[in-house]
Structures are given as structure tokens and as C-alpha cells.
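**Student:** Whatever this is, show me its structure:
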Amino acid sequence: TALPAARAILASMDPQLAPTDARRMEDVVADQLTSTRFYLTLLGLFSGLALALAAVGLYGVVSYTVSRRTREIGIRVALGARRDHVLGMVVREGMRPALVGVALGIGGSLVGGKVLGVLLYGIEPNDLHTMVVVTMVLLAVALAATLLPARRAARIPPSMALREN
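**Tutor:** Model (predicted):
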């Protein structure tokens, strides 16, 4: 709304100074950040895809392990193992690689943060809050991917398991 008044004042001072490309500052900033937003959106999408693939992979491995151990689990249940013990056993065995991966990831993040810290401006390379949130999300996804086959293993009837080959 102030553009016509500013043009009139500039034209009265010197006709050569009339602004030709006047835009709001919000538009200028938005134009500058467009490519950054695009790349960050892509990074977020690929990160989500990687998390989903990791969850499906972990689910597949644990599910395969449970199917291979159906007879053993059935024998354990037939000999008196409680269902919560079977559930705990499968969850522990499924979460072990996830815990090792998270520990290695935290170590790699700490080392990588020190190396890449010189490239960052205004951001701490090893932000504790971010590391805790990411660790909790990864562990929750791993637990969910492990819990589904574990629940199925805990419900295996001993009579069916003993008939498995």
C-alpha cells in the first residue's frame, strides 16, 4: 500500500530512481529459502522411508527367527514356560541388535559431530535433546517391529508347535 507513495516521492526527487521491482521482504526471504525447504523436505521423506524400511526389515528378521524356532518355543510352553517369558525372550533377542545399532549410532554421531562441527553455524553438533528424541523414536520403532512376532510366538499352542517339522 505504501509503494505508490514511495514511487511518487522518488520520482519527484529524481525520475531515474523509480523502483521497478518492489516486493515484500517476506517474499524475498521465501524465495531465498525455497531450495533449502525443498532439500529439507526430501531429507525428511528419505529419513522416514529409511525408518520404515528398517522397521520392516527388523520385523522380517524377527518373524523369520520365530518361525524357525516354533518347535523350540512350543516345547518351552509344553514344559511350563509362561507366555510372558516367551514374549520377553523373543523381545530381548529382537531388541539386542537394535540396542547395539543405537549405541554405535550414538558413538558415530558424537565423532561425526566433532568432525562436521566446523561446517555448522549457530547449531550445536551434538544436541542432547535431538539425540534423545531420535534414540527414543528408533527404539520405539524397533520395539514395535519386535513385539508383533513376539506376541505371535507367545500364542503358539504347544500341540501345534510339536507337530511342526
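**Student:** And the host helix or strand of residue 145, what does it pack against?
**Tutor:** Here residue 145, judged by DSSP states H and E, is contained in helix 128-154. Applying 3 or more CB pairs under 8 Å, 6 or more residues apart in numbering; DSSP states H and E, one finds that helix 128-154 contacts helix 25-68, helix 83-116. Bear in mind the C-beta positions are built from the backbone N, C-alpha and C, glycine included.
**Student:** Give me whichever of those is most buried.
**Tutor:** Stretch with highest mean neighbour count among those: helix 83-116 (a mean of 14; mean count of other CB atoms under 10 Å).
**Student:** If you average the pLDDT over it, what comes out?
**Tutor:** Average pLDDT, helix 83-116: 89.
**Student:** could you check the angle helix 128-154 makes with that helix?
**Tutor:** Here helix 83-116 runs at an angle of 150 degrees relative to helix 128-154 (axes from the mean of the first three to the mean of the last three CA atoms, to 10 degrees).
**Student:** picking up where we left off before, could you dump the helices and strands packed on helix 128-154 into a markdown table with distance to residue 77 added?
**Tutor:** A markdown table is the format used below for the helices and strands packed on helix 128-154 (distance: least, CB to CB, whole Å):
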| stretch | distance to residue 77 |
| --- | --- |
| helix 25-68 | 13 |
| helix 83-116 | 6 |
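**Student:** Tell me the pLDDT of residue 164.
**Tutor:** 65.
**Student:** how near is residue 99 to residue 10?
**Tutor:** From residue 99 across to residue 10, the span is 67 Å (CB to CB, to the nearest Å).
**Student:** Can you list the low-confidence ranges for the chain?
**Tutor:** For the chain, the stretches with pLDDT under 70 are 18-20, 164-165.
**Student:** Look up the closest residue to the residue nearest the centre of it, ignoring the ones flanking it.
**Tutor:** For the chain, the residue nearest the mean C-alpha position is residue 51 (4.9 Å; CA atoms, centre = their mean). Distance criterion CB to CB, 6 or more residues apart in numbering; nearest residue to residue 51, sequence neighbours excluded, is residue 141 at 6.1 Å.
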